[in-house]
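Sequence and predicted model, in that order:
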Amino acid sequence: DAGITQSPRHKVTETGTPVTLRCHQTENHRYMYWYRQDPGHGLRLIHYSYGVKDTDKGEVSDGYSVSRSKTEDFLLTLESATSSQTSVYFCAIRRGGVTGTTQETQYFGPGTRLLVL
Amino acid sequence: EDKVVQSPLSLVVHEGDTVTLNCSYEVTNFRSLLWYKQEKKAPTFLFMLTSSGIEKKSGRLSSILDKKELFSILNITATQTGDSAIYLCAVITSGTYKYIFGTGTRLKVLA
């Protein structure tokens, strides 16, 4: 499981409240990612990080912010939750070769189910 | 805009059948293509493909990449009910190391 944990695993919240999801890794990987998964859309990238304090937007970043103050933690914040943000959120790390000739892949955390009422 | 398209979206077969799942892509700065299997939890890695024409195999699963025609296929022979899952294809782009996922193919194998 590449030592990735997510917290909380389940959350129910109300529209308009801020929500923070935490991803924690124990293997010192540089790249970390946040995705959401919805029926019919597959996995969509929200934000990713390529180092401490280095982050970039993905394809569905509106309404989300991230922070990475330590290598092991990548936080995803929903600034003011909306019902459209009800989803399953996965964190992932990239593990593998620098040159592209060796195996590389992402390993995923267990996911967080978020329901926004 | 970079995109990855998988087909079919869903598939129902009987045990013992052979299935072929398709993944086509249009991305700038292609680096590698990956296949994942997702059952009820998080996706798990199956294959990484970087070079055209080289088949990767793992048991009853195999996959190949065609970088000229921009697609990959995942074959599963002698399917079993345990193969029932969503199969995801993703492309890695160079430079940013972004992973772009397709919508997945939902496979159901009936006993």
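Arrived safely, thanks for sending.

Residue 42 - how many residues pack around it?
No chain was given, so I picked chain A. The number of residues packed near residue A:42 is 21, by other Cβ atoms under 10 Å in any protein chain shown. Yep, even glycine has a C-beta here, placed from its N, CA and C like the rest.

Let me rephrase: I mean chain B.
21.

Likewise for residue B:20?
By the measure other Cβ under 10 Å, the count of residues near residue B:20 is 11.

again, but for the one 3 residues further on
Around residue B:23 sit 27 other residues, with neighbours defined as other Cβ under 10 Å.

got the contact list for the residue nearest to it when sequence neighbours are not counted?
Distance criterion Cβ to Cβ, 6 or more residues apart in numbering or on different chains; nearest residue to residue B:23, sequence neighbours excluded, is residue B:89 at 3.5 Å. Counting by Cβ atoms under 8 Å, 6 or more residues apart in numbering or on different chains, residue B:89 touches B:4, B:6, B:21, B:23, B:25, B:33-36, B:72, B:74, B:101-102, B:104.

which one of these is nearest chain A?
residue B:101 (4.1 Å; Cβ to the nearest Cβ).

Quick check: bridge partners of that closest one?
For residue B:101, the beta-bridge partners are residue B:90 (DSSP bridges).

now swap in residue B:105 and tell me
Per DSSP bridges, the residues bridged to residue B:105 are residue B:87.

Please apply the same query to residue A:55.
Beta bridges link residue A:55 to residue A:49, judged by DSSP bridges.

Just the contacts of residue B:89: which are in strands?
B:4, B:6, B:21, B:23, B:25, B:33-36, B:72, B:74, B:101 (DSSP state E).
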